[in-house]
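1. sequence first, then the predicted structure, then my questions.
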Amino acid sequence: MKSVVLAGAVAAGVLAVAACSSGGASTGPGTGATASSSPSTVSLPSWASALGSSVTVTAPQTVSPGNGTPGAVVTGLIRAFNSGKFSQSCGYDEPKGQAQCKAEAAEITASDIPTIKHFALGYVAVDGSQAVVGITGTICEPTSGSKCSTNTDAAAVFSSTKTFSDLWTNSLKDTSSYSLTPCVKVGGKWYIYSTS
């Protein structure tokens, strides 16, 4: 089911991150490249400059669900799954996949979907119509009962000093290891990117 795949793509980022180290990056703004944040512009860690000059980095913040920003999309998707409102998650899927998502949503049960407790956005990097979104929280796999993993590093993966292109490519690969959530802008709105 595509919706389960979307949830897995978002959730996979947290599952293995407990084993990842970001080289001492903090969970808040540091020094280095200037990027956007709410409500004001702040300096970010030095790793932000390695992403590329055309990349905008947003520090961890709280946003409402919606399609206005990549962070809002990830927030909406996670809230929809955590609340058991699986059909609402389809609004965060790319438009070309929404009809199929809605058809499949009726078949999804809570036992199919991982839950994320204490969810918060990590850093978000945007390059044109593509974005990668990091998250923190505790994710519990539905099929394993109480098997949960926790990530508290908002800069996980970002601080690896890779380019945005590298992070984007890695976010589309194997979901069994830590990955950022890829998002795309279509028709002026943001959506979770799906390779299927």
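-> Thanks, I have it. These figures come from a predicted structure and were not determined experimentally.
2. hey, let's count contacts and neighbours off CA atoms from now on
-> Fine.
3. longest strand in the protein, by residue count?
-> Counting residues, the longest strand found in the chain (DSSP state E) is strand 115-127.
4. let me see the mean pLDDT of it.
-> Strand 115-127 shows a mean pLDDT of 93.
5. so which elements touch it?
-> Here strand 115-127 touches strand 56-58, helix 70-82, strand 130-140, going by 3 or more C-alpha pairs under 8 Å, 6 or more residues apart in numbering; DSSP states H and E.
6. pull out the buried residues from that strand.
-> By neighbour count on 16 or more other C-alpha atoms under 10 Å, the buried set for strand 115-127 is 115-116, 119-127.
7. what about residue 109, neighbour count?
-> For residue 109, the neighbour count with other C-alpha atoms under 10 Å is 13.
8. for the closest residue to it other than its chain neighbours, phi and psi?
-> In space, and not counting its chain neighbours, residue 109 is closest to residue 84: 7.8 Å by C-alpha to C-alpha, 6 or more residues apart in numbering. Phi and psi for residue 84, reported as degrees, to the nearest 10, are phi 80, psi 10.
9. one step back: the longest strand of the chain versus helix 70-82: what angle between them?
-> Interaxial angle, strand 115-127 versus helix 70-82 (axes from the mean of the first three to the mean of the last three C-alpha atoms, to 10 degrees): 160 degrees.
10. got the contact list for strand 115-127?
-> Residues from elsewhere that reach strand 115-127 (C-alpha atoms under 8 Å, 6 or more residues apart in numbering): 11, 27, 54-62, 70-71, 75, 78, 81-82, 131-142, 153-155, 158, 164.
11. each with direction, which strands does it pair with?
-> According to DSSP bridges, strand 115-127 forms sheet pairs with strand 56-58 (antiparallel), strand 130-140 (antiparallel).
12. what's the closest of these to residue 194?
-> Minimum separation from residue 194 across those (C-alpha to C-alpha) falls at strand 130-140, 12.1 Å.
13. list the buried ones in the closest one?
-> Residues of strand 130-140 classed as buried by neighbour count (16+ other C-alpha under 10 Å): 130-140.
14. just stretch 180-196 next, same as before
-> 180-185, 189-194.
15. if I look at residue 65, how far off is residue 121?
-> 12 Å (C-alpha to C-alpha, to the nearest Å).
16. TSV for the buried residues of strand 130-140, including pLDDT?
-> Below are the buried residues of strand 130-140 laid out as TSV (pLDDT from 0 to 100):
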residue	pLDDT
130	98
131	98
132	96
133	96
134	94
135	93
136	92
137	91
138	89
139	86
140	85
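17. okay, those residues in JSON lines with distance to residue 173 next?
-> Shown next, in JSON lines, are these (distance: C-alpha to C-alpha, whole Å):
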{"residue": "130", "distance to residue 173": "16"}
{"residue": "131", "distance to residue 173": "15"}
{"residue": "132", "distance to residue 173": "13"}
{"residue": "133", "distance to residue 173": "15"}
{"residue": "134", "distance to residue 173": "15"}
{"residue": "135", "distance to residue 173": "18"}
{"residue": "136", "distance to residue 173": "20"}
{"residue": "137", "distance to residue 173": "22"}
{"residue": "138", "distance to residue 173": "22"}
{"residue": "139", "distance to residue 173": "20"}
{"residue": "140", "distance to residue 173": "21"}
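18. good, wrapping up.
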